[in-house]
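Got a sequence here, can you build the structure:
(one chain, ligands or ions: 1)
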Amino acid sequence: MTTPTLETPRLVLRPLQLDDADQVQELFPHWEIVRFLNSVVPWPYPADGALTFYRDVALPAIARGDEWVWTLRLRSDPDRVIGSIGLKRSADENRGFWLGLPWHGQGLMTEAADAVTDFWFDTLKFPVLRVPKAVANTASCRISEKQGMRVVATVERDYVSGRGEAQIWEVTAEEWRARRARLTSGRIDPQRIEEARALLGRLFGPTPLVHAASLSAADHDVYLKIETGLRNWNFTEVTGQLQAGDEIVTSLDVQGLTDGLAVVPRDESKTKD
Ligand SMILES: CC(C)(COP(=O)(O)OP(=O)(O)OC[C@H]1O[C@@H](n2cnc3c(N)ncnc32)[C@H](O)[C@@H]1OP(=O)(O)O)[C@@H](O)C(=O)NCCC(=O)NCCS
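Numbers count the residues shown, from 1 in each chain. The predicted model follows:
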């Protein structure tokens, strides 16, 4: 599975590319960002740290199908990298992230983490997601809490700032889906689901359709997500905010084929492909 571009209400998550290294080199090497990262991160950070890490470690792992990594960009400024998030095959280190200092504390990483967690369970179909967090890393632990994760083990880890206590946080696919359903139950207008179902039927013929949703941590709006039983792709993109006046439109998969539906806010639907 290649890494697709993901969108959230405020962010575009673009698959990592080698030429992102220049921007990352400017943004990443700050003590507040690296102190609770694994001690494999070199510190002081070398002038070619981002380039060599992406070229020699991250991009080869992505090419092997062991990792999925994105840079984060604001939808309002999509050329500018503001952070990164990644997923990987591993017993208990499946997700990692960092955000440039000017963007901390706005709920942005929670939004990105929700999107890639959906991708982990719905597209990659892993049964469980586990992440280690330094106990002292309050912001990161809080993201796990907000996502309904549980602490399953306490271990010692080596961080850039030295050895310290870490907790392994976990959520299963079942728990993630149940949480999503709980958060949205009763909040999606059944009429919109029916409209989506009818449109899907017209486009593709009868097809199984289940709806799910994710929450924007920023404003607690509901975002509709539709999974189809179509052959080429289990549709999992969250593309729109469900409000009166929204339009239901078809959406494209990574190859550019129409494969599903999205609800797009009225003002954005005009510019949508
Ligand atoms: C972890 C990190 C990505 C969080 O990004 P972010 O976009 O600021 O996170 P969010 O705003 O989505 O959520 C952070 C939560 O922690 C809370 N928080 C942040 N600092 C806190 C503190 N010192 N004490 C208590 N709560 C704190 C925020 O209030 C927020 O919770 P809320 O939504 O309930 O208010 C960012 O701090 C970072 O890049 N840290 C360095 C890299 C790192 O540690 N990565 C994780 C390794 S496991």
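
Around the ligand, which positions in the chain sit nearby?
Residues of the chain found near the ligand (Cβ under 6 Å from any ligand atom) are 33, 36-37, 96-99, 104-110, 133, 137-140, 142-143, 217. All C-beta atoms are positioned from the backbone trio N, CA, C, and that covers glycine.

which of those count as buried?
33, 36-37, 96-99, 108-110, 133, 137, 140, 143, 217 (16 or more other Cβ atoms under 10 Å).

got the buried residues for stretch 149-160?
149, 157, 159-160.

Which residues does it contact?
If you take Cβ atoms under 8 Å, 6 or more residues apart in numbering as the criterion, stretch 149-160 is touched by 34-39, 41, 43, 92, 129-132, 134-135, 163-171.

Can you select the buried ones from those in ChimeraX?
The ChimeraX command for the buried members of the contacts of stretch 149-160 (criterion: 16+ other Cβ under 10 Å) is given here:
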select :34,35,36,37,41,92,129,130,131,132,134,166,167,168,169,170,171
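
Among the contacts of stretch 149-160, which lie within strands?
129-132, 134, 163-171 (DSSP state E).

Reformat those into a markdown table and put pLDDT next to each item.
Listed next are the ones in strands among the contacts of stretch 149-160 as a markdown table, based on pLDDT from 0 to 100:
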| residue | pLDDT |
| --- | --- |
| L129 | 98 |
| R130 | 98 |
| V131 | 98 |
| P132 | 97 |
| A134 | 97 |
| R163 | 98 |
| G164 | 97 |
| E165 | 97 |
| A166 | 97 |
| Q167 | 97 |
| I168 | 98 |
| W169 | 98 |
| E170 | 97 |
| V171 | 97 |
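
Please identify which pair of those lies farthest apart.
Largest separation among the ones in strands among the contacts of stretch 149-160 by Cβ to Cβ: R163 and V171, giving 26.5 Å.

all strands of the stretch 1-150 of the chain, in order?
Taking DSSP state E, counting those that start in this stretch, the strands of the stretch 1-150 of the chain run over residues 6-7, 11-15, 67-74, 83-88, 95-99, 128-134, 150-159.

Any idea which of these has the lowest pLDDT on average?
Note on the strands of the stretch 1-150 of the chain: strand 6-7 shows the lowest mean pLDDT, a mean of 89.

Tell me the strands beside that strand, with direction?
Under the criterion DSSP bridges, strand 6-7 sits next to strand 11-15 (antiparallel) in its sheet.

need the contact list for A166.
A166 makes contact with 132-135, 154-157 under the criterion Cβ under 8 Å, 6+ apart.

go again using 10 Å as the cut-off
By Cβ atoms under 10 Å, 6 or more residues apart in numbering, the contact set of A166 is 36, 38, 92, 131-137, 153-159.
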